[in-house]
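**Q** any chance you could fold what I've pasted below:
(chains A and B)
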Protein chains: 2
Amino acid sequence: MGNADFVYPSTNEYRQCAHPVTVPPPQPFFKSFKNSLKETFFPDDPLRQFKNKTPSRKFFLGLQYFLPILEWGPRYTFQFLKSDLISGITIASLAIPQGISYAKLANLPPILGLYSSFIPPLIYAMMGSSRDLAVGTVAVASLLISSMLGDEVNAAENPTLYLHLAFTATFFAGLLQASLGLLRLGFIVDFLSHATIVGFMGGAATVVILQQLKGILGLQHFTQSTDIISVLRSVFSQIHEWRWESAVLGAVFLFFLLLSRYFSKRRPKFFWISAMAPLTTVILGSLLVYLTHAEKHGVDVIGNLKKGLNPPSFGDFVFTSPYLTTAVKTGMITGIIALAEGIAVGRSFAMFKHYNIDGNKEMVAIGTMNIVGSCFSCYLTTGPFSRSAVNFNAGCKTAMSNVVMAIAVMFTLLFLTPLFHYTPLVVLSAIIISAMLGLIDYEAAIHLWKVDKFDFVVCMGAYVGVVFASVEVGLVIAVAISVLRLLLFVARPKTFVLGNLPNSTIYRSVEQYPATKDVPGILILQIDAPIYFANSSYLRERISRWIDEEEDKLKSTGETSLQYIIFNMSAVGNIDTSGISMLEEVKKITDRRGLKLVLANPGAEVMKKLNKSKFIETIGKEWIYLTVGEAVEACNYKLHTGKPDATNEDSQPWNNV
Amino acid sequence: MGNADFVYPSTNEYRQCAHPVTVPPPQPFFKSFKNSLKETFFPDDPLRQFKNKTPSRKFFLGLQYFLPILEWGPRYTFQFLKSDLISGITIASLAIPQGISYAKLANLPPILGLYSSFIPPLIYAMMGSSRDLAVGTVAVASLLISSMLGDEVNAAENPTLYLHLAFTATFFAGLLQASLGLLRLGFIVDFLSHATIVGFMGGAATVVILQQLKGILGLQHFTQSTDIISVLRSVFSQIHEWRWESAVLGAVFLFFLLLSRYFSKRRPKFFWISAMAPLTTVILGSLLVYLTHAEKHGVDVIGNLKKGLNPPSFGDFVFTSPYLTTAVKTGMITGIIALAEGIAVGRSFAMFKHYNIDGNKEMVAIGTMNIVGSCFSCYLTTGPFSRSAVNFNAGCKTAMSNVVMAIAVMFTLLFLTPLFHYTPLVVLSAIIISAMLGLIDYEAAIHLWKVDKFDFVVCMGAYVGVVFASVEVGLVIAVAISVLRLLLFVARPKTFVLGNLPNSTIYRSVEQYPATKDVPGILILQIDAPIYFANSSYLRERISRWIDEEEDKLKSTGETSLQYIIFNMSAVGNIDTSGISMLEEVKKITDRRGLKLVLANPGAEVMKKLNKSKFIETIGKEWIYLTVGEAVEACNYKLHTGKPDATNEDSQPWNNV
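**A** Okay, here's the model as predicted:
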């Protein structure tokens, strides 16, 4: 089949016009080790700003790194203060009723919700780098605390121990958060993908809403479990205990809250309506009870709240078994969840206002505020989404709005706690339900289904796990499916056949670009993942099958028989020793079939390994090309001038006994 | 900086000469779901041979699939039989002493080693597709059984229960193995990488050798633990109990065995010397004891072995708690390890003799032989490497050599068991040590260090874990490090800057190809992994840093300022919703800095997702190019004719309370 019209250069000549593929120069082991450690833990190169500075300047920059207030404080203006005052008071009006509600949800004394909105925001204002985060307690972590600690200690029977365990868990949560930040292990939070968080939050919100049936219906006995089946059984087995007064009150307040939400959503500048609504319902509800004495007719009220600021609690930590394990476990799980929410919220608003947030620095800030908080009667806090959004809409400029909120809460603690005596619990339930409905983001779930089915499965796994089993189960399911997806990507990489785009030297997937044409006698395969132990067996099978199929096809159409296999290695990011063995086996298989194996565009890492394992010598340096185009040209040249020399260097008997 | 000599076409005109990037046509969900399931579980397309066949032919092919003997049996010749006879007798001479030794290692009655070399090989001969695998018990699984079952039941105090547990564990191991094959989950075995197996086998061999100090030194009391520290403490705390008669005998036999191994290794055609050596030492040792009555002078002997074939044992399974859990756990772990060894061995020899092995079919065969074996007084069997190598070197042609071995073992069971009465235990220890020394593959470990440091760490993790803690710990460490590597690959993908190879439209990594040249005003980045939730935060940070560094560099040299960022997506195999959000954020960041984001060569899967999430509309279809070269050309055209229109479509206030 020689082509008489065209004079092909000899292979060596050809090699000289093609671009050589080089093996990168060997690097000392410790240098490359240091580099990869740096890339893994310091992708943002945080020490860059310290370069070429005097020691005192370095010290000040370091202080600024941990206390961003030193950076923005000196530039603080009266204009800023005006904005922060308004937003701070707005979020305080939200923080007070929500704080009380969430503390009830965590089975903790309501006053803890107020304590937790006083100290942590002050710490965060100094250390945090987000300008929009409003610090406070969150529903999901509160629910988790009640369900995880409740397994060990009954809050009704042993309230003091339960309270102390909550402080201990908060302490460990803070410790974990700060350590993750200091050790730059923030990427652990990344394993909670967006899809996981959507499903998890939705599930947790559903569970929290179901829990509120207790308050709304005025039930005295209620299940300790959080799954939907136990809760509904508990509710419907007590139909005769339902209190209509409580239910009617709850329904009215809920309607009011939802209406205000709806209204604010339609007209963003009326954000303050929905921000003020919870406090308004608290005041209205308390007034109503006070005037009608409904507390004597089946409407439960908060009762006495102690006046005064946070008492110290660092003497209350429980470090004895068996409680320590429970506290550590609760701290770990709630800490991670709270961190994920805080970082995600901070990042979204920063993206919106065009400034940057350093995830690891945020972790240190959130961790510190929880450690300090746990020493002063606060339980777990983070940056809840809804409150931060109100803060943002109210026009906050800096973290000073948190200070304003803390001062407002301080006043409440010092002077106003008696006013909450008559606040009906059903109002708190209505506040929680109205906040939780916003967390069930069904639109995001639909979006996931449309864009990425696997992410939808992750999301639904988290939702169903949380609703039908427990919060931890849901989380484990979602993370397991997500990790499985990563492993599957490597274990079952895509391979596809490439064809030539007419009138070009471009080779692309035949499936994606139907206009491509096969190259006679040459099969070009692309492997779309690193070649690792997890996929080397699969790839061997799959490659053999591609070759079989191609030969069958050629046989049936009577075309030129197959002579060359080209692997496009562009997408093969790395290879390990199992992968190299796989290539060696494929080389043997192709040799046996009289086919020549050619590699195109192996990356630096792959070339290094192939060189060290002598596979380059096995395959022949002249059979590695920089582009698929050059590889095809070289093969074509060979095809048209003579058969490839299929060297079948077999087989010394195996002599290892 | 316009280039007056060259008339650039307008963008639209330019687009028309460039190759368009197409979105693949939408596929019905269930079709694509079916396809990806098929690729995941049936990469070898095992049903292909059934296509277009009559039902009776299909039935026969199906039967052949599960019983390969129906395929090779009819073609069996007298020539084959001659070869299989020789190799079968050779492996029998190895199987008998090794079987007895390994059964002692598992703390089981020695006769079980013979039973296990009778039934399972017969089953395998019918169902197995390897022609070289010699079936039998293996040292590592035997050790695992003794250590895992020994934690629950003391073999010396309650031998019957221990025995029954061993049968039950074998039954579950077989069940697991067969199920993995039938459910086509064989890829689970792939997670035991080559590096893991090297380290694990080496560690297990070390542990087994240490255990033999008991037999060699004739100790009566010995630790139950397998870690090196406990064993050495146990040995050296009893210095005064050491029996020199036993030790001398052991040393002599070990020397003889190692000498024969060394000799066979030098001259492969004398393989039979090392194959016959164990049986020779057994005979010599027994004769010596019989003549000198050494059993009365501190040399322990095997003692009575019952004559007769395997008694049935399916009535002995223990399915009651707490033993069931132990049996299931032991079965799972030993089953997986045995499977990994059997499949790896079968595959290596098949590769050598140029035939194919279907991993899933092998699993069904190995599983069935263990299920049936466990019903007839056999414990766990697989295809040990050393015995299969002898089989191969002895010239076996088919699995018939296993049948020959089984018949030889049957004769032994029926008539020759009394001959083993005087066999000294120290000979068994010498046989085990000599076999185990071959498993410590330090050369492979050195190779791993040279080629791939990470694989070396995996290997050493397995070795150290096995030797210093326990077999299970070693395995868990190695698998955890291996999986961590896969996750790290995705979580911390390589990104690098591309440059132009002079006089070409090829763009390659600046690091790998130092000859490449920067393109003024354009930063070309390649991302070397799929963009998933696990790396989207990292990539955002890393990309920002690349842009910062590039701008700093340009500023310091006073070159053209940066105008375009091109992402080469060739190696991005897939993207999830978190990844798309990351791209959206990067788009916002680049817009804000007045940079234009351009994509080059996104794959089919990525294009599909980008299209569904409307990111293609966000970035503009005209900013997606088929190759980096075309993208650069288009950017250059724009650069030389006018500024890019950096559209800053920001920011509706956030109104989600």
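
**Q** for chain B, what's the nearest residue on the stretch 151-300 of chain A?
**A** Minimum separation of the stretch 151-300 of chain A from chain B (Cβ to the nearest Cβ) falls at A:S193, amounting to 3.1 Å. C-betas here are computed from N, CA, C, even on glycine.

**Q** just the pLDDT for that residue.
**A** Reading off the confidence values, A:S193 has pLDDT 83.

**Q** show me what contacts it?
**A** With contact taken as Cβ atoms under 8 Å, 6 or more residues apart in numbering or on different chains, A:S193 is in contact with A:455, A:458, A:478, A:482, B:532-534, B:576-578.

**Q** for it, grab phi and psi.
**A** For A:S193, the backbone dihedrals (degrees, to the nearest 10) come out as phi -70, psi 170.

**Q** measure it to B:T505 for me?
**A** In this structure, A:S193 lies at 37 Å from B:T505, with Cβ to Cβ, to the nearest Å as the measure.

**Q** swap in A:L254?
**A** The gap separating A:L254 from B:T505 is 65 Å, by Cβ to Cβ.

**Q** A:V135 too?
**A** Counting by Cβ to Cβ, the gap from A:V135 to B:T505 is 54 Å.

**Q** likewise for A:N52?
**A** The separation that A:N52 has from B:T505, given Cβ to Cβ, amounts to 40 Å.

**Q** so which of the two has more stuff around it?
**A** Between A:N52 and B:T505, counting by other Cβ atoms under 10 Å in any protein chain shown, B:T505 is the more crowded of the two (15 against 7).

**Q** my read: A:G285 touches A:T423, true?
**A** Yes. Counting by Cβ atoms under 8 Å, A:G285 touches A:T423, with 6.0 Å between them.

**Q** got the contact list for the residue lying closest to the residue of the stretch 151-300 of chain A closest to chain B once chain neighbours are set aside?
**A** Distances taken as Cβ to Cβ, 6 or more residues apart in numbering or on different chains put B:F533 closest to A:S193, at 3.1 Å, once the chain neighbours are dropped. For B:F533, the residues meeting the contact criterion (Cβ under 8 Å, 6+ apart) are A:190-196, A:482, B:576, B:578-579.

**Q** where exactly do the strands run in the stretch 351-500 of chain A?
**A** Ranges of strands within the stretch 351-500 of chain A are A:495-500, based on DSSP state E, counting those that start in this stretch.

**Q** can you name the residue of the stretch 501-650 of chain A nearest chain B?
**A** Among the residues of the stretch 501-650 of chain A, A:F533 lies nearest to chain B; the distance is 3.1 Å by Cβ to the nearest Cβ.

**Q** which regions of the stretch 151-300 of chain A sit below the pLDDT cut-off?
**A** Within the stretch 151-300 of chain A, the stretches falling below the threshold (pLDDT under 70) are A:298.

**Q** how many neighbours does A:I188 have?
**A** By other Cβ under 10 Å, 15 other residues sit near A:I188.

**Q** element containing it?
**A** Taking DSSP states H and E as the definition, one finds A:I188 inside helix A:187-190.

**Q** buried ones in that helix?
**A** By neighbour count, with 16 or more other Cβ atoms under 10 Å in any protein chain shown as the criterion, the buried positions of helix A:187-190 are A:187, A:189-190.

**Q** centre of the chain versus the top helix by length along chain A, how much separation?
**A** In terms of residue count, the longest helix belonging to chain A (DSSP state H) is helix A:323-353. Using Cα atoms, centre = their mean, to the nearest Å, the mean C-alpha position of helix A:323-353 is found 10 Å from that of the whole chain.

**Q** also stretch A:532-543?
**A** Stretch A:532-543 sits 30 Å away from the centroid of its parent chain (Cα atoms, centre = their mean).

**Q** mind putting the buried residues of helix A:187-190 into JSON lines with distance to B:M351?
**A** Supplementary listing: the buried residues of helix A:187-190 in JSON lines, determined by distance: Cβ to Cβ, whole Å:
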{"residue": "A:F187", "distance to B:M351": "40"}
{"residue": "A:V189", "distance to B:M351": "45"}
{"residue": "A:D190", "distance to B:M351": "40"}
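
**Q** quick check: of those residues, which lies closest to B:G150?
**A** A:F187 (41.2 Å; Cβ to Cβ).

**Q** and that closest one, how far from A:G199?
**A** As it turns out, when the distance is counted by Cβ to Cβ, A:F187 lies 21 Å from A:G199.

**Q** same question, A:L37
**A** Note on A:L37: its distance to A:G199, by Cβ to Cβ, is 34 Å.

**Q** surely A:D528 touches A:L498?
**A** No. With contact defined as Cβ under 8 Å, A:D528 does not count as touching A:L498 (11.5 Å).

**Q** between the two, point out the one with more neighbours.
**A** Just comparing A:D528 and A:L498: by other Cβ under 10 Å the higher neighbour count belongs to A:L498, 26 against 22.

**Q** contacting residues for that one?
**A** With Cβ under 8 Å, 6+ apart, A:L498 has these contacts: A:507-510, A:516, A:524-526, A:568, A:628.

**Q** related to what we said a few turns ago, just the contacts of A:S193: which are in helices?
**A** Members of these lying in helices (criterion: DSSP H): A:455, A:458, A:478, A:482, B:533-534, B:577-578.

**Q** tell me which of these is nearest to A:V248?
**A** Using Cβ to Cβ, the shortest approach to A:V248 within the ones in helices among the contacts of A:S193 belongs to A:A478, at 38.3 Å.

**Q** sketch out the low-pLDDT regions of chain A for me.
**A** Along chain A, segments meeting pLDDT under 70 span A:1-18, A:298, A:642-657.

**Q** state the helix or strand in which the nearest residue to A:V140 once chain neighbours are set aside lies.
**A** Sequence neighbours aside, A:A204 is the residue nearest to A:V140 in space, at 4.2 Å (criterion: Cβ to Cβ, 6+ apart). Take DSSP H and E as the rule and A:A204 turns out to sit in helix A:194-216.

**Q** just A:G285 next, same as before
**A** Remark: A:G285 resides in helix A:271-292, with elements defined by DSSP H and E.

**Q** buried set for that helix?
**A** Taking 16+ other Cβ under 10 Å as the criterion, helix A:271-292 shows A:271-282, A:285-286, A:288-289 as buried.

**Q** and the closest residue to A:I575 other than its chain neighbours, how far is that from B:P602?
**A** In space, and not counting its chain neighbours, A:I575 is closest to A:I531: 4.6 Å by Cβ to Cβ, 6+ apart. Going from A:I531 to B:P602 by Cβ to Cβ gives 22 Å.

**Q** pull out the buried residues from stretch A:349-356.
**A** Within stretch A:349-356, the residues that qualify as buried by neighbour count (16+ other Cβ under 10 Å) are A:349-352.

**Q** how is chain A carved up into domains?
**A** As given by automatic domain parsing, the domain ranges for chain A are A:78-486, A:493-641.

**Q** B:G335 is nearest to which of these?
**A** Comparison of those against B:G335 by Cβ to Cβ identifies domain A:493-641 as nearest, at 18.4 Å.

**Q** tell me how far the ends of that closest one are from each other?
**A** Length of domain A:493-641, first residue to last, Cα to Cα, to the nearest Å: 36 Å.

**Q** how distant is that domain from the center of its chain?
**A** Relative to the mean C-alpha coordinate of its chain, domain A:493-641 is positioned 37 Å out (Cα atoms, centre = their mean).

**Q** again, but for stretch A:202-219
**A** The chain centre lies 26 Å from the centre of stretch A:202-219; the measure is Cα atoms, centre = their mean.

**Q** distance of the residue of the stretch 501-650 of chain A closest to chain B relative to A:S581?
**A** According to Cβ to Cβ, A:F533 stands 9 Å off from A:S581.

**Q** who touches both of those two?
**A** By Cβ under 8 Å, 6+ apart, A:F533 and A:S581 have these common neighbours: B:H194.

**Q** ok, the residue nearest to A:R347 when sequence neighbours are not counted to A:V138 distance?
**A** Beyond its immediate neighbours in the sequence, the residue positioned closest to A:R347 (Cβ to Cβ, 6+ apart) is A:I357, lying 5.5 Å away. As judged by Cβ to Cβ, A:I357 and A:V138 stand 19 Å apart.
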